[in-house]
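Visitor: No sequence on hand, only this structure:
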């Protein structure tokens, strides 16, 4: 790969064997074009945030190296979610697999449908704990949280 960047991808699931969805999600990330998984976090069981009337989540994070542009990476993640049967009905609701770009190098992007770093990542322990597993010195641009 040429001109690569490190990116952190958050994974989460709370439907239809969440642990299996997250583990397969890691494998699906490894199969993305022009992308290599460098590290996989432990799996964390966490309570839902926002919409509380749903099962607990399994959350994790992958550190990848990619030469995909941010929008192309997002499109790849959305395709993986779709293959896992992701349906978006209730905001912050239950899901088979959720994949979010938490960090893309040190870039800050705010476009329709694409915000990096991921909004509120710095406030969410279910993102920060797995992120520290794979990228201990990661800095979330615009925030002092590590």
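Guide: Cool, got the structure. Remember, predicted model here, so these are calculated numbers, not experimental data.
Visitor: which parts of stretch 8-24 are buried?
Guide: Of all the residues in stretch 8-24, those buried under the rule 16 or more other Cβ atoms under 10 Å are 8-15, 18, 21-24. Heads up, the C-betas are built off the backbone N, CA and C, glycines and all.
Visitor: cool, stretch 39-46 as well?
Guide: Applying 16+ other Cβ under 10 Å to stretch 39-46 flags 40, 41, 43, 44, 46 as buried.
Visitor: Who are the contact partners of residue 48?
Guide: 14, 54, 55, 56, 57, 92 (Cβ atoms under 8 Å, 6 or more residues apart in numbering).
Visitor: switch to 10 Å and redo it
Guide: Counting by Cβ atoms under 10 Å, 6 or more residues apart in numbering, residue 48 touches 12, 14, 54, 55, 56, 57, 92, 93, 94, 126.
Visitor: any idea which of those is the one closest to residue 83?
Guide: residue 12 (15.9 Å; Cβ to Cβ).
Visitor: Sheet partners, orientation included, of the helix or strand hosting that closest one?
Guide: Assigned by DSSP states H and E, residue 12 belongs to strand 5-13. Paired strands of strand 5-13, with direction, are strand 57-66 (antiparallel), strand 98-104 (antiparallel) (DSSP bridges).
Visitor: helix or strand right after the first one?
Guide: Using DSSP H and E, the next helix or strand after strand 57-66 towards the C-terminus is helix 70-83.
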